[in-house]
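Q: Predicted model, plus sequence, below.
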Amino acid sequence: MPTGEHEGLIQLFEERLFLAPELLQLVYGLTIPPDASVRKDDAAFSDLKPPEYRADLVLVVEAASYRRSVIVEIQRRKDAKKVRSWPRYVAARWSTTGDPVVLLVLATTRAVARWAARPIDTGHPGFVLRPLVLGPENVPLVTAERDAIANPELAVLSAVIHGRGREAQAVGTAAVAGAVTLPEDDARLCVDLILNALSGRARREVEKIMVQHYEPRSEFLRKYLETGRQQGREEGREEGREEGREEGREVGREEGREEATLVATANAILRVLDARGLRVSRAVERRIRKCTDLPTLELWHERAVTVERATKLFD
């Protein structure tokens, strides 16, 4: 079942179409012409009769005398069905377009990366599919803020893949610095992906930097953080003694972090519903945004991937 992270990663590759070809060139040495363009294409692979097989994303990389299809799959767990689906995707795409086809699998853990990289022997002599896999072993580790700002999407991907390793805090901090340079909607998606990918300790440290020290580069981050800062100031003013003021600011910061998490989760729910083309009434949006119980929001987030109508979130 697709998850919020799964859908978010697909959107990350959709927002920057050159990210997949760039990684193929960087990690696997494939030659991509410098003047190539990239466009999104239909990701469905169908027979004359059902069922329909659908990849996560299909890109077409084109130049004057160059054309290649790139099938992108986001893989968060092992799935035996993919052993049969992936050769089908490649063969169907090749038979339809006649273009060279590459299967690029993004695996979020080492175990899944090792599984996804296994050659798939179709039984026909020489017809063995070897997926090109991106994972913790070869996705670049982006820890410098200047590098993250130069390529925000790659920095976000680095945080998703390396967000539970030894460099988690540095990767997360750099990724946020890059993410907030993007347009507001893209920045929201990327910050959500970063914070959700980090280990508990790294996430707390990155949030602390965001709330207490980070100088916002965009109106989005200013709004994202202002609630926590304002609550801290209000709590501090209510106390007459220095100790009381400090306690108030600490409470405010904690509440601010909780509020930021609630807002981010509510936004993620609405994005999934919108991406699936489901109508969201004002009443539904208001109920989602007014919910202050994080476990409830997380349950709605899971349901948003499969419900037929937005109102079914609350059943």
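A: Sure thing, it's come through. What you see is a predicted model, and the numbers here were worked out from it, not measured in a lab. Residues are numbered from 1 along each chain as shown.
Q: Please make it C-alpha for all contacts and neighbour counts, starting now.
A: OK.
Q: Pass me the low-pLDDT residue ranges in the chain, would you?
A: 1-3, 45-53, 211-257 (pLDDT under 70).
Q: need the strands for it, in chain order.
A: 37-41, 44-46, 52-54, 57-63, 66-75, 101-107, 120-121, 128-129, 132-134 (DSSP state E).
Q: Could you dump those into CSV with distance to Thr181 and mean neighbour count added?
A: Below are those laid out as CSV (distance: least, Cα to Cα, whole Å; neighbours: other Cα atoms under 10 Å):
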stretch, distance to Thr181, mean neighbour count
strand 37-41, 22, 15
strand 44-46, 33, 16
strand 52-54, 33, 13
strand 57-63, 25, 20
strand 66-75, 25, 21
strand 101-107, 24, 22
strand 120-121, 41, 16
strand 128-129, 39, 16
strand 132-134, 25, 24
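Q: could the ones you listed go into JSON lines alongside distance to Pro152?
A: Shown next, in JSON lines, are the strands of the chain (distance: least, Cα to Cα, whole Å):
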{"stretch": "strand 37-41", "distance to Pro152": "18"}
{"stretch": "strand 44-46", "distance to Pro152": "29"}
{"stretch": "strand 52-54", "distance to Pro152": "28"}
{"stretch": "strand 57-63", "distance to Pro152": "20"}
{"stretch": "strand 66-75", "distance to Pro152": "19"}
{"stretch": "strand 101-107", "distance to Pro152": "17"}
{"stretch": "strand 120-121", "distance to Pro152": "34"}
{"stretch": "strand 128-129", "distance to Pro152": "32"}
{"stretch": "strand 132-134", "distance to Pro152": "17"}
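Q: residues making contact with stretch 171-181?
A: With contact meaning Cα atoms under 8 Å, 6 or more residues apart in numbering, stretch 171-181 is reached by 141-145, 148-153, 155-156, 158-159, 162-163, 186-187, 190-191, 194-195, 198, 202-203, 206, 209, 216-218, 220-221.
Q: Show me those that map onto helices.
A: Judged by DSSP state H, helices contain the following of these: 145, 148-150, 152-153, 155-156, 158-159, 162, 186-187, 190-191, 194-195, 202-203, 206, 220-221.
Q: Any chance of a PyMOL selection covering the buried ones in those residues?
A: Burial among those is assessed by 16 or more other Cα atoms under 10 Å; the matching PyMOL selection reads:
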select buried, resi 145+148+149+152+153+155+156+158+159+162+186+187+190+191+194+195+202+203+206+220+221
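Q: and stretch 286-303, how far from the chain's centre?
A: 20 Å (Cα atoms, centre = their mean, to the nearest Å).
Q: So for it, what gets flagged as buried?
A: By neighbour count on 16+ other Cα under 10 Å, the buried set for stretch 286-303 is Ile288, Arg289, Thr292, Leu294, Leu297, Glu298, Trp300, His301, Glu302, Arg303.
Q: Sweet, I'm off.
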